[in-house]
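K.L.:
This is a predicted model, with the sequence first.
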Amino acid sequence: MVTQEQRRRQLAREKFLRQQQRRTAARLKSRVRNSVIASVLGVIVIGSLALYTTGVLKGDDDKANASASATASPSPSVAKDPCEKPAEGKVKTQNWKKEPAVTIDKSAKYTMKLATTCGDIDIALKASAAPHTVNSFDFLAGKGYFDHTKCHRLTTNGIYVLQCGDPTGSGSGGPGYTIPDENLKDTSLKNNVYPAGTIAMANTGQAHTGGSQFFLVYQDSQLPPSYTPFGTVSDSGMKVLKKIAAAGESTGAGDGAPNATVVIDKATVAKS
């Protein structure tokens, strides 16, 4: 005789089996439906490709083709590099423990030429107003320190400068020594503006932390008088800077590596 408890368990098992059967049937039905849909889509895609390759979906005539071309998104334009390939040679890795002794003639005139891939940049140096800075550049240029180095930074928003003088190209390199700030009250610095044509020392933001990095101002730039101005770029040199600036910088945000290939092939300082 089947007890009430046994009967209850039997009914529960039967109910469970019916649920499993319904779920299995539903899954099977779903699979069949998806297979049919996939097959139909496959036929549509294959048919569309066949039509495209035979030209049916291309324009019916030249006017249709012209219309399609007119509505297509234009390809982004890439600015042409205005500069030449760098001269053969490698950057020298050099460091010194202390600033070189000041040996320049402070009463003489000194000029610096940056022979770059974009053209020569001639600079009249201010030896009497910034003797430590000019002396350091005379020393470093004589050692070939700047030769084959890239100008690693161009700013095109807020301030307008090309920054160079780092053999590592990272913005953190230097000669191993620092030089004092000089000439911060130069008469050219009015209302905290570094005028176009100024060459000045970069630093860490702290006093007397200049090393070898410098910046060339190609357009008047609002800056605090904290960066040693030590020379003036010639008119021909300004044309080179303008050409570099016109090519823009890599980030599109106004501060990055210049799009132009700006390499100092050779830096020389001369006394006149």
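P.N.:
Thanks, I have it. Numbers count the residues shown, from 1 in each chain.
K.L.:
Please, where are all the helices along the stretch 101-250 of the chain?
P.N.:
131-142, 235-246 (DSSP state H, counting those that start in this stretch).
K.L.:
tally of neighbours for the closest residue to residue 239 other than its chain neighbours?
P.N.:
Of all residues not flanking residue 239 in the chain, residue 119 sits nearest, at 7.4 Å (C-beta to C-beta, 6 or more residues apart in numbering). Using the backbone N, CA and C atoms, a C-beta is placed for each residue, glycine as well. Look at residue 119: counted by other C-beta atoms under 10 Å, it has 17 neighbours.
K.L.:
among the helices of the stretch 101-250 of the chain, which is the most enclosed?
P.N.:
Highest mean neighbour count among the helices of the stretch 101-250 of the chain (mean count of other C-beta atoms under 10 Å): helix 131-142, with a mean of 22.
K.L.:
roughly how far is it from the heart of the chain?
P.N.:
Here the centre of helix 131-142 is set off from its chain's centre by 29 Å, with C-alpha atoms, centre = their mean, to the nearest Å.
K.L.:
any idea how far residue 213 is from residue 115?
P.N.:
Per C-beta to C-beta, to the nearest Å, residue 115 is found 19 Å from residue 213.
K.L.:
So for those two, which residue has more residues nearby?
P.N.:
Comparing residue 115 with residue 213 by neighbour count (other C-beta under 10 Å), the higher total belongs to residue 213, at 21 against 16.
K.L.:
The more buried one reaches residue 168, doesn't it?
P.N.:
No - Residue 213 lies out of contact with residue 168 (C-beta atoms under 8 Å); the separation is 10.3 Å.
K.L.:
Whichever strand in the chain runs longest pairs with which strands?
P.N.:
In the chain, assigned by DSSP state E, the strand with the most residues is strand 263-271. Strands that pair with strand 263-271, judged by DSSP bridges, come out as strand 110-116 (antiparallel), strand 149-150 (antiparallel).
K.L.:
Dump these into CSV; add distance to residue 136 and mean pLDDT as well.
P.N.:
Below are the strands paired with strand 263-271 laid out as CSV (distance: least, C-beta to C-beta, whole Å; pLDDT from 0 to 100):
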stretch, distance to residue 136, mean pLDDT
strand 110-116, 12, 98
strand 149-150, 15, 98
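K.L.:
Among these, which comes closest to residue 193?
P.N.:
strand 110-116 (23.0 Å; C-beta to C-beta).
K.L.:
who's in contact with the closest one?
P.N.:
Under the criterion C-beta atoms under 8 Å, 6 or more residues apart in numbering, residues 83, 104, 120-125, 127, 134, 137-138, 141, 146, 151, 164, 231, 237, 240, 262-272 lie in contact with strand 110-116.
K.L.:
in stretch 246-254, what's buried?
P.N.:
247-249 (16 or more other C-beta atoms under 10 Å).
K.L.:
Which members of the contacts of strand 110-116 are classed as buried?
P.N.:
Taking 16+ other C-beta under 10 Å as the criterion, what is buried in those is 83, 104, 121-125, 127, 134, 137-138, 141, 146, 151, 164, 231, 237, 240, 262-267, 269.
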